[in-house]
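>>> This is a predicted model, with the sequence first.
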Amino acid sequence: MKLFAIVSLLACIGLAFAAPVEAEEPVEETEAELKASPKIPGYDQRQSNNAWAIIKQIKKEKFGANDLTACKIAFATAITESNIYIYANNKVPASLKYPYDKKGSDHDSVGIFQQRAKYYPVAQAMDPAKSAHLFFIKMKNVKNWKKAKTAKQIGVIAQKVQVSAFPDRYAKHVGEAAKICKAGKIT
């Protein structure tokens, strides 16, 4: 019995001094996977791949005559929130299990749209197309989103979806968002 107690005590002491476990590094994609999508001017391959996933989702959502408006709102948001990178977050350990480009630390926000883990499923928020779909679900519920044409109007819609502490940042990226939409042949 004493031997068991000593072994148990030593095991506990060993665990107490064990080295901390490091968070996993970004899941590395092969060179072929990184070159899977055409590059978007001004963005690296990871950003381009993420952008193409969002563009494909826009087309899948079938906004029709409102494709361009939805695209500008989405990319003004994605650029503002993450510069179109997929962010994991150490405060959300589940986010580290999915492919990501960078680590962030803003509350419990994850993914391209920095969606809060307490409101959105982490697995979906960490996937570019699925997170875009979640974004669009909320965007479609914003009154008059289809009428947003100016940078300011687009920024207001993005803010209503995101409820950011920095509401004026979205409008600043609408011009860049329009270039990405054009590259994705969304007119």
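Sure thing, it's come through. Numbering: from 1, shown residues only.
>>> give me the number of residues near K146?
Using other Cβ atoms under 10 Å, K146 has 15 other residues around it. Every residue, glycine included, has its C-beta placed from N, CA and C.
>>> Quick check: chain neighbours aside, which residue is closest to it?
Leaving aside its sequence neighbours, K146 sits nearest to N66 (Cβ to Cβ, 6 or more residues apart in numbering; 4.9 Å).
>>> give the contact list for the residue most central in space within the chain.
In the chain, the centroid-proximal residue (Cα atoms, centre = their mean) is I112; its distance is 1.5 Å. By Cβ atoms under 8 Å, 6 or more residues apart in numbering, the contact set of I112 is 50, 54, 78, 81-82, 84-87, 128, 131-132.
>>> State the pLDDT value of the residue nearest to K146.
Note on N66: pLDDT of 97.
>>> Doesn't it lie inside a strand?
No - counting by DSSP: H, G, I helix; E, B strand; the rest coil, N66 is not found in a strand; it is helix.
>>> all helices for this protein, in order.
Here the chain has its helices, by DSSP state H, at 2-16, 31-34, 45-61, 67-82, 122-125, 128-140, 151-162, 174-183.
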